[in-house]
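> any chance you could fold what I've pasted below:
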Amino acid sequence: MIPQTFKEVIDLGDGREISIETGKLAKQAHGSVVVQSGKCMLLCTVVSNYKSADVDFLPLTVDYREKFAAAGRYPGGFFKREARPSDGEVLTMRLVDRVLRPLFPKDYHSETQVMIQLMSHDPEVMPDAMAGLAASAAIQLSDFPFECPISEVRVGRINGEFIINPSFSQLEESDIDMVIGASADSVMMVEGEMDEISEEEMTEAIKFAHEAIKVQCEAQVKLAEAFGKKEVREYEPEREDEELAKKIHDMAYDKVYAVAKAGSSKHERGAAFAEIKEEIIASFSEEEVEDYGGLISKYYSKAEKAAVRDLTLNEGLRLDGRKTTDIRPIWCEVDYLPSTHGSSIFTRGETQALATVTLGTSREANQIDMPSYEGEERFYLHYNFPPFSTGEARPIRGTSRREVGHGNLAQRALKGMIPEDCPYTVRVVSEILESNGSSSMATVCAGTMAMMDAGVQLKKPVSGIAMGLISDADSGKYAVLSDILGDEDHLGDMDFKVTGTADGITACQMDIKVKGLSYEILVNALKQARDGRLHILGKITDTIKTPNAQVKDHAPTMITRRIPNEFIGALIGPGGKNIQELQKETETTIVINEDPVTEEGIVEVLGVGSKGIDAVLARIDAMLFKPEVGSIYEVKVIKMLDFGAVVEYTEAPGNEVLLHVSELAWERTENVSDVVNMGDVFDVKYFGIDSRTRKEKVSRKAILPKPEGWEERPKRDNNRSKDNKNRDRRDDRKPRNNNRD
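Residues are numbered from 1 along each chain as shown. Model prediction:
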């Protein structure tokens, strides 16, 4: 029996559409949909346990995977099976998670899993732009307690025109690549990279995306109604005690307010808050503490949050004593590590990043192998966040999703400033040594300085800042905070990271925790962020104004040379013999790539110091050397033969030619050694390919004066000789018998 299906279609314009279908696949999941655009198909399933987990948070897992079969390809590796998620997949998981998580009730603690799988790939459709839509649509068909439908779209801009969900080819021409997540009422998440756009342009892009998202949210509602919206499940809510909440608020509020107003350091402030909390807990009997369970800690946290927020809204003061627009003290240093190709330290308040730069050939490029995208990155950035940076001791189990996300944001902020003609593969690594607010933005600043220190000729320096927001819907008050602390991120309503040059925004990441953020507040936050970015940029350029003109003495220099494709084989040699010997002799690294457009070979020569590189370039020049007919060249005798001498062009070592004994001198030469010897250097004239021998011909005597009284021997008449030979052959033939009888 064919199952009944339900479908909604969303028109994207210019002939493109997205369909959402349910009823055919994965019906035992609590909700499932297939989202399709062109040939691209995503299957999303959602499941949530009916029993609450024994935790005080939502154990939500968002998993996004791309199947290689979707693109008609095999996975790499020995086992030929999809394994751990790629960085690209992790980044898509984060995009979806950040929008979904705030819409579940705070007291909903059932383990919940959202699985999104790319089942069919279309080369012109970017699947990550539809992942948020798929996740929300599947949840709308379930019985989960979920506030409202959401969606995500990608926005591009080509020639001033905004595009929703641009194709891969369109994105290459676009000066904006942003993913926006929102409900019908509120923008909730923004992430992307831009080509130095203004704050107003960024706001317009967000508005344009939100209009498209409203249409997608409406389509989800229609699909759920057609399918038959399930009743929201009942779950056991967290225990509440309003009387206890008021009591703890009254006990804690004023004390917390006073500590917050004192403007102390993170360590001092944390100790003071912990002391207040312990005093409150001590005021209850052991029986009461046991009976209330975690309510005392919960209500204390609420009181602390209220006091800190009120301090900022009422007095414009912050936890560390700053005003809303103040930036923490900054100190920077470059060339800190003696052996790296480039290094820097960027310290802002209690956040510190140590960045290193490594320069390499195209062989060190980061290879990306996903079903939806294959390519390489010649610039990439890795971000490490060890536990000691926050004074914690915890196990390290691989690279976290957070590290992948923060590193990607910093990479997108900087990559547009790498010049197109940069010959190197550039790897930046950011080690976070201290963290109290926006280590990713510290990474952008440290990465800028480290690359300038390494001699990477950045177009412009880039800085970054994290903005926060505290608002009160009842009073209408709000405060935009520049350079937020970790606590302000936790207690505030927005975490907005913006990076850019002096001329515009290069990347951003925004998470909004409050509904209905007005565009007025958003614009104000962006303008305040610009002032902060320029202040930080000034500190960077005070430390290192321009990129170093040269790489460091111990760093490799990269020289590229183009050669015709037909010479690649000769340079490599049989089984790589020539190139391996050349690398060993010159202590260089040589990489050869073919340019399919120009049909040339691109030779990259990497080495420390100029001696080895010059030797390689000389070998290449010698290989490409082509003498011109009629020109005179200096040669050196490298081999003696009975019938001549083998000579080598001094300007192209390795290029040899035979100097025949008859071309040594005008006089008759019996022995080659009578005229030249091993190691002799002299000039010869080049005559090109000899028509008789089919070999290159050079002559020493051609540039020598003829001896006095010299008479040239008459040349043999070759045609006459041939006629004589033919006549002799005819005479030798038997007479022809014409008689037939």
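> residue ranges with poor pLDDT in this structure?
For the chain, the stretches with pLDDT under 70 are 709-741.
> how about the strands of the stretch 351-500 of the chain, start to end?
Assigned strands in the stretch 351-500 of the chain, in chain order: 351-360, 366-370, 373-377, 379-384, 425-434, 463-471, 478-482, 494-501 (criterion: DSSP state E, counting those that start in this stretch).
> Ala138 is nearest to which of those?
strand 366-370 (22.7 Å; CB to CB). For the C-beta atoms, the positions are set from N, CA and C on the backbone; glycine is no exception.
> what angle do the closest one and strand 379-384 make?
90 degrees (axes from the mean of the first three to the mean of the last three CA atoms, to 10 degrees).
> all numbers from here: first residue = 34
Got it, first residue is 34 now, which makes that one strand 399-403.
> give me the contact list for strand 399-403.
Glu99, Gly109, Ser119, Gly121, Glu122, Glu407, Gly408, Glu409, Glu410, Tyr413, Arg460 (CB atoms under 8 Å, 6 or more residues apart in numbering).
> want to try CSV for the strands of the stretch 384-533 of the chain, with mean neighbour count and distance to Leu128 as columns?
Listed next are those as CSV, based on neighbours: other CB atoms under 10 Å; distance: least, CB to CB, whole Å:
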stretch, mean neighbour count, distance to Leu128
strand 384-393, 24, 24
strand 399-403, 15, 15
strand 406-410, 13, 16
strand 412-417, 22, 17
strand 458-467, 22, 22
strand 496-504, 26, 19
strand 511-515, 23, 24
strand 527-534, 24, 15
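> what's the neighbour count on the nearest residue to Gly712 once chain neighbours are set aside?
Nearest residue to Gly712, sequence neighbours excluded (CB to CB, 6 or more residues apart in numbering): Val670, at 6.2 Å. Using other CB atoms under 10 Å, Val670 is surrounded by 18 other residues.
> Leu124: what's it in contact with?
Under the criterion of CB under 8 Å, 6+ apart, the neighbours of Leu124 are Asp161, Val437, Gly438, Asn441.
> between the residues you listed, which is nearest Thr357?
Gly438 (26.9 Å).
> tell me which element the closest residue in space to the closest one that isn't next to it in sequence falls in.
The shortest distance from Gly438 to any non-neighbouring residue, by CB to CB, 6+ apart, is to Arg127 (4.9 Å). For Arg127, the element it lies in under DSSP states H and E is helix 120-133.
> state the distance from the one residue sitting closest to the centre of the chain to Leu447.
In the chain, the centroid-proximal residue (CA atoms, centre = their mean) is Tyr413; its distance is 4.8 Å. Separation of Tyr413 from Leu447 (CB to CB, to the nearest Å): 10 Å.
> what's the spacing between the helix of greatest length in the chain and its chain's center?
Counting by DSSP state H, the longest helix found in the chain is helix 232-260. Centroid separation for helix 232-260 versus its chain: 28 Å, with CA atoms, centre = their mean, to the nearest Å.
> any idea of the angle it forms with strand 527-534?
Relative orientation of helix 232-260 and strand 527-534, computed by the same axes, to 10 degrees: 140 degrees.
> rewinding a little: mutual contacts of Tyr413 and Leu447, please.
Shared contacts of Tyr413 and Leu447, counting by CB under 8 Å, 6+ apart, come down to Val461.
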